[in-house]
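*Asks:* Here is my input; please provide its structure:
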Amino acid sequence: MTSLEKLLGKLDQYERLMRLDKPIGILLLLWPTLWALWIASAGQPPFMLAWIFVLGTVLMRSAGCVINDYADRDFDRHVERTRERPLAARTVSTREALLLAAVLVACAAVLILPLSTLVWQLAAIALFLAGSYPYTKRFFAIPQAYLGLAFGFGIPMAFAAVLDRVPPIAWLLLVANVFWAVAYDTEYAMVDRDDDIRIGIRTSALTFGRFDVVAVMLCYVATLGILGWAGWTLKYGAPYFAGLAVATAIAGYHYTLIRGRERMPCFKAFLHNNWFGAAVFAGIVAELNLAELSLAGLNLRPLLH
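*Replies:* Below is the predicted model of the structure:
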């Protein structure tokens with residue numbers, strides 16, 4: 001094997017360690033951040049700010065995956081779905097993993113250098129949440145709620161970046177994201193239920209027990225209810241609530257997938273949450289941008305005749 005082949009092989013292992021080959025985690029982290037950016041900026045986020053948050057989301061999700069796999073490296077070896085992960089399979093050393101995580105965090109920190117002190121303070125909290133989340137599975141009954149905080153902390157950061165403050169609506173959206181994370185990550189945990197029982201990891205799927213499906217659906221109801229309340233508070237209209245209606249239909253579809261508690265349909269439901277987040281975002285964009293486009297069309301109409 002040539003030096004180039006070795007290098008490419010190592011880069012492939014790093015890509016797998018960062019889960020860049022599985023972008024669902026990036027999307028689940030990105031959608032709530034985009035909700036917040038669009039709401040905070042009334043549908044007009046500065047391009048550079050949007051770019052900072054999108055790239056920062058990719059970097060921090062990648063760092064989170066590395067930290068998660070470092071923490072779980074001895075557990076992952078005993079789980080069917082994760083035993084081939086680079087740290088579990090020992091194709092990447094722990095030293096390499098820690099160095100990679102540090103580089104990713106440093107790059108994310110450079111991105112937010114132009115932003116306010118408040119964003120920096122919130123970023124420090126976000127880093128703590130991301131770094132400590134993997135260890136909550138040892139003692140929290142529902143670590144997915146903690147994951148929701150970690151995955152949703154882009155929400156207050158986005159408001160701080162746009163407004164230099166974090167209004168109450170930001171925390172309301174964060175709570176909605178916590179319920180959504182419990183819903184989709186419980187679906188994910190239902191895939192590994194037997195392995196988690198054997199190795200002693202705590203998950204919401206085990207905590208909810210035979211009420212897991214009911215709990216998932218109630219979490220979707222809570223998410224949609226809080227998002228509806230947020231929309232009512234902001235005096236949003238039909239476009240926003242149409243997005244929530246589509247998200248509601250998607251949640252209903254997830255029920256058909258998880259009610260049998262079969263591994264692959266539950267995993268499909270987890271992956272399908274990308275469309276839930278996208279539906280909510282589409283409603284926000286429609287609410288904030290379609291009216292402006294309509295007015296622009298009216299203003300241009302005399303010029304077209």
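*Asks:* Which stretches in the stretch 101-250 of the chain count as helices?
*Replies:* In the stretch 101-250 of the chain, the helices defined using DSSP state H, counting those that start in this stretch lie at 117-136, 143-152, 154-163, 168-191, 193-199, 204-208, 212-233, 238-258.
*Asks:* For the third one, enumerate the helices and strands it packs against.
*Replies:* Other helices and strands packing on helix 154-163, by 3 or more CB pairs under 8 Å, 6 or more residues apart in numbering; DSSP states H and E, are helix 24-40, helix 47-71, helix 117-136, helix 168-191. For glycine as for every other residue, the C-beta is placed from the backbone atoms N, C-alpha and C.
*Asks:* Pipe those into JSON lines and attach mean pLDDT per row.
*Replies:* As requested, the helices and strands packed on helix 154-163 are arranged in JSON lines below (pLDDT from 0 to 100):
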{"stretch": "helix 24-40", "mean pLDDT": "95"}
{"stretch": "helix 47-71", "mean pLDDT": "93"}
{"stretch": "helix 117-136", "mean pLDDT": "92"}
{"stretch": "helix 168-191", "mean pLDDT": "94"}
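*Asks:* can I get those helices in CSV with mean neighbour count and distance to W229?
*Replies:* Formatted as CSV, the helices and strands packed on helix 154-163 follow (neighbours: other CB atoms under 10 Å; distance: least, CB to CB, whole Å):
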stretch, mean neighbour count, distance to W229
helix 24-40, 23, 14
helix 47-71, 20, 24
helix 117-136, 17, 23
helix 168-191, 23, 7
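*Asks:* now stretch 150-168, how far from the centre of its chain.
*Replies:* Relative to the mean C-alpha coordinate of its chain, stretch 150-168 is positioned 15 Å out (CA atoms, centre = their mean, to the nearest Å).
*Asks:* what's the span of that stretch from first residue to last?
*Replies:* 18 Å (CA to CA, to the nearest Å).
*Asks:* And stretch 144-164, by the same measure?
*Replies:* 29 Å.
*Asks:* For it, buried residues please.
*Replies:* Neighbour counts over stretch 144-164 (16 or more other CB atoms under 10 Å) mark 144-162 as buried.
*Asks:* pLDDT weak spots in the stretch 101-250 of the chain?
*Replies:* The stretch 101-250 of the chain contains residues with pLDDT under 70 at 194-200.
*Asks:* let's go with 80 and repeat that
*Replies:* Along the stretch 101-250 of the chain, segments meeting pLDDT under 80 span 137-140, 192-205, 207.
*Asks:* coming back round to it: need the helices and strands packed on helix 154-163 in TSV with distance to K268, can you?
*Replies:* TSV is the format used below for the helices and strands packed on helix 154-163 (distance: least, CB to CB, whole Å):
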stretch	distance to K268
helix 24-40	11
helix 47-71	21
helix 117-136	24
helix 168-191	9
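*Asks:* among those helices, which is nearest E84?
*Replies:* helix 47-71 (11.5 Å; CB to CB).
*Asks:* measure V178 to F75 for me?
*Replies:* As defined by CB to CB, to the nearest Å, V178 lies at a distance of 24 Å from F75.
*Asks:* just K10 next, same as before
*Replies:* Distance, K10 to F75, by CB to CB: 24 Å.
*Asks:* More neighbours: which of these two?
*Replies:* Neighbour comparison, K10 and F75: the larger count goes to F75, with 20 against 14 (by other CB atoms under 10 Å).
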